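Novice: Compute the structure for the input listed below.
(one chain, ligands or ions: 1)
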Amino acid sequence: MARLAVNGGDKVRTKPWPRWPVWDEREIKALEEVVRSGRWGRLYEGSRVEEFEKSFSVYQDAKFGIAVTSGTAALTIALKAAGVDVGDEVIVPGYTFIATATCALQNNAVPIFVDVELDTINIDPVAIEAAITPRTRAVIPVHWNGRAADMDRILDIAKRHNLVVVEDACHGWGATWKGRKLGAIGDLGGVSFQASKHITAGEGGIVLTNDEGLAAKCFSYHHIGRIAGRPFYEHHLVGWNFRMTEFDAAVLLVQLERLEEQTQRREENAKFLSEQLSGIDGIGLLRRESYMTRISWHGFGFLYDAEAFGGVPRSKFLATLNAEGIPAGGGYSHPLYKNPLFTERRFGRIAEFVDFPDYRAVHCPNCERLCRECVSIDQRCLLGTIDDMCDIVRAMEKIRENLDEL
Ligand SMILES: Cc1ncc(COP(=O)(O)O)c(C=O)c1O
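Specialist: Numbers count the residues shown, from 1 in each chain. I've put the predicted structure just below:
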């Protein structure tokens, strides 16, 4: 008789997992207050958007925060404010979300893809240094899943080569590097509040920085070139309308109240999972460096070794795990540089004036391996109890014990 649920056996997990997003009456009340106030945009003093900017930047150890419509918008204006311009090269990891690279293209700059370290999934400082040319202007380390990148080495490289550091802290809520929150360790950083993120208003983002001048530029870029305190119809530069609404800010202020407790819970559960899974052959846990003092765990990622699982391909392992009631996925299906956007140079007429590399020739072995081997358990599972974590461990063990069924 079949034991694995994928073959008709009993599931390890039948209870529902914590739902995402987490919300209660407070979000509804906050939204109702905005509706009734009739002040739905940030275009006045004392807005909820301003309150959120202050609260989140204090929480995230940054002096300034400029709330915007998405993480993509945050990264785009961060590069713009840092002076990244036509033809400048911006070094980015190949294993990340598309916005880490398109924020450079939005500024008519050239993304240069480099490899990540296999066991931290963060940009490899050695690869950064090797990719520097006289055209390099900026580097964007991604703190993947809220695991801090190696900022000591990255900041040192940036200093020696006069590069701007824009952190992709889109997964950075509450996570720390050497005890310091992510996003304003470099020159600027971008955070996302999109629907899957650990505090969310469905969409949203923020730029963080400790530099007052850069903050003022970001404010202007996100506010169609206006300058704080100047007349409403006076515009100083080519900006965007990336303003966050009062509805988003009202929801995010409530979500922020839960973030600290949730982040601590994810850390505790992830530590327990790491201990329990470390003994299972074929589950390659990621390396936790001492500078990753707190991880936000935007998913619990590990490397799946199909050989150790009797040759069962990752797709079948995932389907089997899902059938046992454990929500998990494989992450990015291909490195960024393999997207048609890059392989077919769909950059518009800028490609006639600016030298782009032949992205078809880019090869980052670790990024490509991660696209084949990475598995990530959904972040909402980490909001469960230790008993819930035991279900994840039991499901993995059950699969290992019944490989002959696959
Ligand atoms: C690493 C990373 N960078 C940037 C972004 C872009 O954020 P948004 O979706 O809010 O534009 C995301 C969002 O998924 C992300 O995961």
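
Novice: per-residue pLDDT, the nearest residue to Trp144 once chain neighbours are set aside?
Specialist: On the basis of CB to CB, 6 or more residues apart in numbering, the spatially nearest residue to Trp144 that is not a chain neighbour turns out to be Ile121, at 4.5 Å. Every C-beta, even on glycine, is put in place using the N, C-alpha and C of the backbone. The model reports Ile121 with a pLDDT of 97.

Novice: Ile121 touches Gly146, doesn't it?
Specialist: No - with contact defined as CB atoms under 8 Å, Ile121 does not count as touching Gly146 (11.2 Å).

Novice: still on that earlier bit, just list the residues touching the residue nearest to Trp144, thanks.
Specialist: 95, 144-145, 147, 286, 301, 370, 374 (CB atoms under 8 Å, 6 or more residues apart in numbering).

Novice: quick one: which of those residues is nearest the ligand?
Specialist: Trp144 (7.1 Å; CB to the nearest ligand atom).

Novice: any idea how far that closest one is from Asn366?
Specialist: 12 Å (CB to CB, to the nearest Å).

Novice: Show me the strands in the stretch 101-250 of the chain, by range?
Specialist: With strands called from DSSP state E, counting those that start in this stretch, the stretch 101-250 of the chain shows them at 110-114, 136-139, 164-168, 176-177, 180-181, 188-192, 205-209.

Novice: about what we covered before: next, show the common contact partners of Trp144 and Asn366.
Specialist: 95, 116.

Novice: The two: who's more crowded?
Specialist: A count of neighbours by other CB atoms under 10 Å puts Trp144 above the other of Trp144 and Asn366, at 27 against 19.

Novice: By proximity to the ligand, which residue of the protein wins?
Specialist: Gly71 (2.5 Å).

Novice: Span of stretch 302-316 from start to end?
Specialist: End-to-end span of stretch 302-316 (CA to CA, to the nearest Å): 16 Å.

Novice: can you give me the helices for the stretch 1-150 of the chain?
Specialist: Per DSSP state H, counting those that start in this stretch, the stretch 1-150 of the chain carries helices over the ranges 25-37, 48-59, 71-81, 99-105, 125-131.

Novice: Dump the ones you listed to CSV, plus mean neighbour count and mean pLDDT.
Specialist: What follows is these, written out as CSV (neighbours: other CB atoms under 10 Å; pLDDT from 0 to 100):
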stretch, mean neighbour count, mean pLDDT
helix 25-37, 13, 97
helix 48-59, 20, 98
helix 71-81, 28, 98
helix 99-105, 24, 98
helix 125-131, 17, 98
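
Novice: near the ligand, which residues of the stretch 151-300 of the chain show up?
Specialist: Counting by CB under 6 Å from any ligand atom, the residues of the stretch 151-300 of the chain close to the ligand are 168, 170-171, 192, 194, 205.

Novice: Among those, list the two that are farthest apart in space.
Specialist: Maximum pairwise distance in those, criterion CB to CB, is 13.2 Å, between Asp168 and Gln194.

Novice: Which of the two has more residues huddled nearby?
Specialist: Counting neighbours by other CB under 10 Å for Asp168 and for Gln194 shows that Asp168 has the greater number, 30 against 17.

Novice: got the contact list for the more buried one?
Specialist: Counted by CB under 8 Å, 6+ apart, Asp168 has contacts 71, 75, 96, 99-100, 140-143, 189-190.

Novice: Grab the nearest non-local neighbour of it.
Specialist: Val142 (4.1 Å).

Novice: What parts of the stretch 301-406 of the chain come near the ligand?
Specialist: Counting by CB under 6 Å from any ligand atom, no residue of the stretch 301-406 of the chain is near the ligand.

Novice: Do a quick rundown of the helices in the stretch 301-406 of the chain.
Specialist: 314-323, 340-343, 365-373, 386-401.

Novice: Tabulate the ones you listed (CSV), appending mean pLDDT.
Specialist: Listed next are the helices of the stretch 301-406 of the chain as CSV, based on pLDDT from 0 to 100:
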stretch, mean pLDDT
helix 314-323, 98
helix 340-343, 98
helix 365-373, 98
helix 386-401, 97
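
Novice: Show me the one of those that comes nearest Val114.
Specialist: Here helix 365-373 is closest among the helices of the stretch 301-406 of the chain (CB to CB), at 9.0 Å.

Novice: List of residues touching that closest one?
Specialist: Here helix 365-373 has contacts from 93-95, 113, 115-118, 121, 124, 284, 303-306, 314, 330-335, using CB under 8 Å, 6+ apart.
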